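>>> Sequence plus the predicted model coming up.
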Amino acid sequence: MTELGADRTIVCIGGVGGSPSEWDEVTPLLSRLARVVTTIPARGPLVLIGHSEGGVAALRIAATQSGRVDAVVLASGFFPPARAGRSLTAAVVDYGRHRLLYLRDLAARGRRPSPSRRGVGQMASLARLGLRPAAFHRLAGAVLCPVLVIHGGQDHVVPIAFARAAVAAHPGWTFRQLRGAGHNPHRDEPAAWATAVAEWLGTVL
């Protein structure tokens, strides 16, 4: 059957503006491990994979259904702003650089941010966690299962320094960096991303 067991399901949760199709490239690779879906099934043990805001959703599910969730993967997930050992000035300058690069990327693709009403609500929820980092870390601390943080080294939406700071605050978590990937590591480098996820799952499950 599958490497993770016949009854275990991998659930992929998208971020703001995400869609089930964003997982198309990695689904065949993950399907070698277990059944892959994008909605929570009614029963059975779960591995949750959350991208961006979907990472917060995955943490919330894991915190409230600890007996059912066996592992969580945060794919360039949301993390609150953090200085990560840098001076305030250096941290602000670095974050400003990421914002400019993000806007440049949007302009290059001829896109402008246009979130839906649901997306606005999701962004407001993230903003509250961003302004109250302690609330994020309380949520993260309530997650009892293994957690993998796999972040794009070129992520200009959630800088990798924020991910590193979160992992430092939760030393039981595992960290992997995909150096050439941006905010969508599962689409930017699907083979490398899926391999890293599969290898980690093989060690914790």
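Great, that's in hand. The shown structure was predicted, so the numbers you read here are calculated from the model rather than taken from an experiment.
>>> could you pull out the strands for the chain?
Taking DSSP state E as the criterion, the chain carries its strands at 9-13, 35-37, 46-51, 69-75, 147-152, 174-178.
>>> how about CSV for these, with mean pLDDT and mean neighbour count added?
Bear in mind the C-beta positions are built from the backbone N, C-alpha and C, glycine included. Converted to CSV, these look like this (pLDDT from 0 to 100; neighbours: other Cβ atoms under 10 Å):
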stretch, mean pLDDT, mean neighbour count
strand 9-13, 97, 22
strand 35-37, 96, 17
strand 46-51, 98, 27
strand 69-75, 98, 25
strand 147-152, 98, 25
strand 174-178, 98, 18
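>>> Which one, of these, ends up nearest to Asp188?
Closest to Asp188 of these, according to Cβ to Cβ: strand 147-152, at 6.4 Å.
>>> The closest one to strand 46-51, inter-axis angle?
30 degrees (axes from the mean of the first three to the mean of the last three Cα atoms, to 10 degrees).
>>> and strand 147-152, how far from the chain's centre?
Here the centre of strand 147-152 is set off from its chain's centre by 6 Å, with Cα atoms, centre = their mean, to the nearest Å.
>>> how far is stretch 34-43 from where the chain is centred?
Mean-position distance between stretch 34-43 and its chain equals 18 Å (Cα atoms, centre = their mean).
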